[in-house]
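1. Provided below for reference: sequence and predicted model.
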Amino acid sequence: MTEKFKAIKLLIGEGNINVAITQLNQLIITHPEIASEAFYLLGNAYRKQGDWQGALNSYQEAISRNPESPAVEARNMIMDILNFYNKDMYNQ
């Protein structure tokens, strides 16, 4: 399965986000035992696409399945970014 994840990471890196999202959603359905990693990568794909809510939802799902997931750090980084943006809006 690690080869499949490597291929999906490459798709995300190359900007083939929709293909990566489709493949990840299929993996989540067919291989629930690896869903935590798949949701983490799904969060990365949504983040790269600029879909903050989709990224947060995916990271949260990864965390609920594995509290030690790297999604914890990714989710915290997005929250920091969003909090920074929101504060700036109030300072205009």
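-> That came in fine, so what should we check first? Numbers count the residues shown, from 1 in each chain.
2. Quick one: residues in contact with the biggest helix by length in the chain.
-> Across the chain, the longest stretch assigned as helix under DSSP state H is helix 71-90. Helix 71-90 is touched from outside by 36, 39-40, 43-44, 47, 52, 55-56, 58-60, 62-63, with contacts defined as Cβ atoms under 8 Å, 6 or more residues apart in numbering. C-beta coordinates here come from the backbone N, C-alpha and C atoms, glycine included.
3. can you do 7 Å?
-> With contacts defined as Cβ atoms under 7 Å, 6 or more residues apart in numbering, helix 71-90 is touched by 39-40, 43, 47, 52, 55-56, 59-60, 62-63.
4. Give the buried residues for it.
-> By 16 or more other Cβ atoms under 10 Å, the buried positions in helix 71-90 come out as 71-72, 74-75, 78.
5. Look at residue 68 and give its secondary structure.
-> Under DSSP: H, G, I helix; E, B strand; the rest coil, residue 68 falls in the coil class.
6. how far away is it from residue 29?
-> For residue 68, the distance to residue 29 (Cβ to Cβ, to the nearest Å) stands at 24 Å.
7. What of residue 35?
-> Going from residue 35 to residue 29 by Cβ to Cβ gives 9 Å.
8. The two: which is more packed in?
-> It is residue 35, of residue 35 and residue 29, that has more neighbours when counted by other Cβ atoms under 10 Å, with 19 against 10.
9. Please name the nearest non-neighbouring residue to that one.
-> Once flanking residues are discounted, residue 35 sits nearest to residue 28: 4.9 Å by Cβ to Cβ, 6 or more residues apart in numbering.
10. Just the residues contacting the helix or strand where that neighbour lies, thanks.
-> Per DSSP states H and E: residue 28 is located in helix 17-30. Outside of helix 17-30, the residues within contact range by Cβ under 7 Å, 6+ apart are 4, 8, 11-12, 34-35, 38-39, 41-42, 45, 48-49.
11. Averaged pLDDT, that helix. What do you get?
-> Across helix 17-30, pLDDT averages out at 95.
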